[in-house]
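> return a 3D structure for these sequence lines:
(2 chains)
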Amino acid sequence: MSISREEVLHIAKLARLSLTEEEVEMYTHQLGEILNYIQKLNELDVDNIEPMKHVLHIVNVLRDDKNLPSLSREDVLKNAPEHDGEYFKVPKVLKTE
Amino acid sequence: MNWEIVIGLEVHVQLKTQSKAFCGCKTTYGSPPNSQTCPVCLGYPGALPVLNREVVNSAIKAGLATHSKIRYRSGFARKNYFYPDLPKGYQISQYTDPICYDGYIQIPTEEGKKKIGLIRIHMEEDAGKSMHTENGTLIDLNRCGIPLLEIVSCPDIRSPQEAYTYLTTLKQIIRYTGISDCNMEEGSLRCDANLSVRPMGEKTLGTRTELKNMNSFHGVEKALAYEANRQITCLEAGEPIEQQTLLWNEQTQRAEPMRSKEESHDYRYFPEPDLVDVQLTDAWIQDIKAVMPELPEERLSRFIKHYGLSEEDSLVLTAEHEIADYFEAAVQGFQDISLMNHWIRGEILRILKEKQISIDQCPISPKALRDLLTYLLNKKITPQTAKTVLDNMVKTGESADKIIEKKGLLSITSSEELDALIRNIVEKHPEEVKKYRQGKTQLLGFFMGQVMKATKGRADQKITRHILQRYLDATEE
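Numbering: from 1, shown residues only, chains lettered A, B, ... in the order given. Coordinates of the predicted model:
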């Protein structure tokens, strides 16, 4: 099983990655190899095996509805490339675009 | 050709928990931007979400209130998309195994009650808020991670009006359960819609479009009417409907297509590895059932049966559970239920409307109203005085006792006192007396008015009328 060039471009777009022509080729090849490797599992008969959604066999890890301290805004904004002291600033995004 | 409109609604309600869905940050609305975040809701690497038990309880309540089936084992999935107000790059949601499914609510229509099916109710987290300004987009992440329930209806809705009724009914039910405020202005209730049309009688569904960005129930109704009209016009002109997402523009009153498809339906869901499944038990669901408040339909029929109120009165009193609570608190130990109903529907709701406040902000407590009406019931004050006292209570915040005592507003029920007063008035108006005796008996109203004026509305009506008639009907001059 391999992956098409279009699929790679589609995934890159969803992840907002811009790839060079060489990268597109490289990832098409690498992702194809990964998929081929995983494909091996299809050789096994798993008809009588429950799908495993999680490696842990525990359920109900829950917390009570209690507040814990949040980070200070200063800390929260500290690593942002751009902010105005209150908000994060990002390049203009238009909902319709 | 006759067309049938087919509508399905997706409603998001924000849960009224103290803390977020997967971390302990506060959920207070209107806090300073970016003041309620932590490594979990900011999506920092290595942070581990832990599910808030109250979110599960709220989802069970919503399920029970909507006749839904509850899934005993359900889990979370990642819904992947890229947007600046979603720092993790995915939203934690439920996908294949929503906690509630196959429910319904009943909405009133002209042909009686109609069932609208619910496909699913699932738990998820909210994203942050983006504000688009001239020089860039500002992001506030306080809302990130606030718990939501997404309630998805079946395509059972047949008109924009029905959609409106569905929303008001659903809001009423959810508000009764106490899990959400369902306040569209504050964004604690949001609604997206799917609409398609088909020739009447046709079984298969037409191509649907999705409508977003409506910010009121009437906005939803108008957007749906607009879009139904557009689709019908297209089809009648022989043009096919393109499956697309449209944004409702409140200013232009038009639904405008999103310019790029944004490949938005490719969310690449997969099981959320950071969270384990929720496994419910009968005992857990029983515990929730035990604390479930009475729902609108039950309360309505109880008001009719228990209090002997009309359906119309009961509908008004149970429209919001806070009003129903107010009525029940006020009527406690009060003999005249109809009088109480009359005053709450008339005066209290008028005050709320004038002041644009909700009943929990009402300046007159249920007990204060009962105290006032007890004076009226015992004929210690007249209905006219009662209104004056109520207005004074609203203005000053003082009790009925205090106002009545201070202003000396007790009714005049003493026959002697009224007799003297009335004789005086009758003597002062010989012309009117004459006319009355000549048969113009409607002048009784004039004399009643004079007495009320002289006593500032404090004269007991029954006694006054009795005395007046005695004087007026006396034949000898």
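> what residues are up against the closest residue to chain A within the stretch 201-350 of chain B?
Closest residue of the stretch 201-350 of chain B to chain A, Cβ to the nearest Cβ: residue B:279 (4.0 Å). (Each C-beta comes from the backbone N, C-alpha and C, glycine too.) Contacts for residue B:279 (Cβ atoms under 8 Å, 6 or more residues apart in numbering or on different chains) come out as A:59-60, B:72-73.
> quick one: low-confidence parts of the chain?
Just going to use chain A. Within chain A, the stretches with pLDDT under 70 are A:1, A:93-97.
> not what I meant, chain B
Ranges of chain B meeting pLDDT under 70: B:259-265, B:475-477.
> is chain B contacted by the longest helix along chain A?
Ranked by residue count, the top helix of chain A under DSSP state H comes out as helix A:21-39. No - Helix A:21-39 lies apart from chain B when judged by Cβ under 8 Å from any Cβ of the partner chain; the minimum separation is 13.8 Å.
> would you map the strands across chain A?
Secondary structure of chain A (DSSP state E): strands at A:62-63, A:88-90.
> among those strands, which comes closest to residue B:103?
The closest of the strands of chain A to residue B:103 is strand A:62-63. By Cβ to Cβ, the value is 23.8 Å.
> neighbouring strands - and their directions - for the closest one?
Under the criterion DSSP bridges, strand A:62-63 sits next to strand B:51-52 (parallel) in its sheet.
> could you point out which element follows the strand it pairs with?
helix B:53-65 (DSSP states H and E).
> so is that following helix next to chain A?
Yes - applying Cβ under 8 Å from any Cβ, one finds that helix B:53-65 is in contact with chain A at B:53-54, B:56.
> got the contact list for that helix?
For helix B:53-65, the external contacting residues (Cβ under 8 Å, 6+ apart) are A:62-65, B:13, B:15, B:17-18, B:21, B:68-70, B:99-100, B:103, B:121-123, B:147, B:149, B:151, B:173-174, B:176-180, B:278, B:280, B:284-285, B:288-289, B:292, B:295.
> make a PyMOL selection of the buried ones in these.
Remark: buried members of the contacts of helix B:53-65, expressed as a PyMOL selection using 16 or more other Cβ atoms under 10 Å in any protein chain shown:
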select buried, (chain A and resi 62+63+65) or (chain B and resi 13+15+17+21+68+70+99+100+103+121+122+123+147+149+151+173+174+176+177+179+180+278+280+284+288+295)
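> out of the contacts of helix B:53-65, which are inside helices?
Per DSSP H, the contacts of helix B:53-65 map to helices at B:173-174, B:176-177, B:284-285, B:288-289.
> could you dump those residues into CSV with distance to chain A added?
CSV is the format used below for those (distance: Cβ to the nearest Cβ, whole Å):
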residue, distance to chain A
B:173, 22
B:174, 18
B:176, 20
B:177, 16
B:284, 9
B:285, 14
B:288, 14
B:289, 19
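> out of the residues you listed, who's nearest residue A:4?
Set against residue A:4, the nearest of the ones in helices among the contacts of helix B:53-65 by Cβ to Cβ is residue B:174 (45.8 Å).
> touching, that closest one and residue B:188? I think so.
No - in this structure, residue B:174 is not within contact of residue B:188 by Cβ atoms under 8 Å, at 10.0 Å.
> identify the contacts common to the two.
Counting by Cβ under 8 Å, 6+ apart, the residues touching both residue B:174 and residue B:188 are B:13, B:180, B:182.
> chain A: which of the residues you listed is nearest?
Closest to chain A out of those is residue B:180 (14.2 Å), distances taken as Cβ to the nearest Cβ.
> contact partners for the closest one?
Neighbour list for residue B:180: B:13-16, B:58, B:149, B:174, B:188-189 [criterion: Cβ under 8 Å, 6+ apart].
> which residues are in contact with residue B:285?
Residues counted as contacts of residue B:285 (Cβ under 8 Å, 6+ apart) are B:60, B:64, B:70.
> please disregard the earlier target; I meant residue B:371.
Taking Cβ under 8 Å, 6+ apart, one finds B:399-401 in contact with residue B:371.
> so it: helix, strand or coil?
Following DSSP: H, G, I helix; E, B strand; the rest coil, the label given to residue B:371 is helix.
> farthest-apart pair in the contacts of residue B:180, please.
Greatest spatial distance among the contacts of residue B:180 (Cβ to Cβ): B:58 and B:189, at 14.1 Å.
> in chain A, which residue sits closest to chain B?
Residue of chain A nearest chain B, by Cβ to the nearest Cβ: residue A:68 (2.8 Å).
> and that residue, how many residues sit next to it?
When neighbours are counted by other Cβ atoms under 10 Å in any protein chain shown, residue A:68 registers 13.
> next one: residue B:190
Neighbour number of residue B:190 under other Cβ under 10 Å is 18.
> you'd agree it is in a helix?
No - secondary structure of residue B:190 (three-state DSSP): strand, not part of a helix.
> so what's it up against?
For residue B:190, the contact set (Cβ under 8 Å, 6+ apart) comprises B:11-12, B:184.
> bridging residues for it?
Assessed by DSSP bridges, residue B:190 has beta-bridge partners residue B:12.
> now it: how far from residue B:114?
From residue B:190 across to residue B:114, the span is 24 Å (Cβ to Cβ, to the nearest Å).
> I'd guessed residue B:426 sits against residue B:471; true?
Yes - with contacts counted by Cβ under 8 Å, residue B:426 reaches residue B:471, the gap being 4.8 Å.
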